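Asker: Following is a predicted model, sequence given first.
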Amino acid sequence: MKEARWLIGAIILGVVIALIMLRPMPFLFAAGLPHTGFFGRGLYIIILACFLCLYRICRGPTGADRIVAVDILGIMIAGFCALLTISTGRSWYIDIGIAWALQSFISTLALSKYLEGRDFDE
Amino acid sequence: MSDIIGLVFIGVGLAFDLVGCLGLVRLPDVYNRLQAATKCVTIGTCSILFGTFIIAGFTAAGMKSLLCIVFLILTSPVAAHAIARAAHRSGIKLCKESVIDKYADDKEGHI
């Protein structure tokens, strides 16, 4: 039973990645993102990973799970901005990535202090 | 040639990102999730940024991506340690398959 569930999950993941990398996706073109070439397809793989993080944020049993998922989401948005920089050729996208990583780090530290139950000035 | 090397780096980074987030969904415990997600996603994102630097060269985008790599490598382990310490101190239990808990032993020994 467990092997069957593993196999079904692996097949679904492989089909989704093959759809992203091999076929054009007309239902996502309306967002205005670039969709040609390797970098344009890589954007959609990062979006898939972000949806996995959002699942953990919604479903997480404890607060620490949600904090971990928010931290990882912030780091992945930095990678998303790097791919946008290459695929569109505009260098100011990476600035958004740097600023987002900075505020994600600070908010993670503040949330972990809050989870530990101490004040901010210790 | 540099385009091909950058493509290899970005492909490795994308694979690590996806596998790290899969571990974030699949693993049973907050500590295991932290392990998988932090290592895989940090290496993956740093690899994507390094591929960006190789493709863009010594331009504004390349230097800013190098700056972002340095920043991520400095800050991500600090955030992971803070989360793990706060989770352990706030009393979140380990999963039932885990066999040892050294940090609880250390705290009992000190108090």
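Answerer: Looks like it arrived, so ask away.
Asker: Output the below-cut-off pLDDT ranges for chain B.
Answerer: B:108-111 (pLDDT under 70).
Asker: what sits against the spatially most central residue of chain A?
Answerer: In chain A, the centroid-proximal residue (C-alpha atoms, centre = their mean) is A:Cys50; its distance is 2.8 Å. By C-beta atoms under 8 Å, 6 or more residues apart in numbering or on different chains, A:Cys50 lies in contact with A:Leu73, A:Met76, A:Ile77, A:Phe80, B:Cys21. Backbone N, C-alpha and C define where each C-beta goes, glycine included.
Asker: Kindly state the pLDDT recorded for A:Gly89?
Answerer: Here the pLDDT value assigned to A:Gly89 is 80.
Asker: Would you report the backbone torsion angles of it?
Answerer: phi 80, psi 10 (degrees, to the nearest 10).
Asker: and A:Gly37, how many neighbours does it have?
Answerer: Other residues lying near A:Gly37 total 10 when counted by other C-beta atoms under 10 Å in any protein chain shown.
Asker: thinking it is in contact with A:Gly89, fair?
Answerer: No. Using C-beta atoms under 8 Å, A:Gly37 is not in contact with A:Gly89; the gap is 12.0 Å.
Asker: one step back: show me just the buried residues among the contacts of A:Cys50.
Answerer: A:Leu73, A:Met76, A:Ile77, A:Phe80, B:Cys21 (16 or more other C-beta atoms under 10 Å in any protein chain shown).
Asker: Can you tell me the element the first one falls in?
Answerer: So the one you mean is A:Leu73. Per DSSP states H and E, A:Leu73 falls inside helix A:63-88.
Asker: Please identify the buried residues of the longest helix seen in chain B?
Answerer: Secondary structure of chain B per DSSP state H: the longest helix is helix B:60-89. Neighbour counts over helix B:60-89 (16+ other C-beta under 10 Å) mark B:61-62, B:64-65, B:68-69, B:71-72, B:75-76, B:79-80, B:82-84, B:86-88 as buried.
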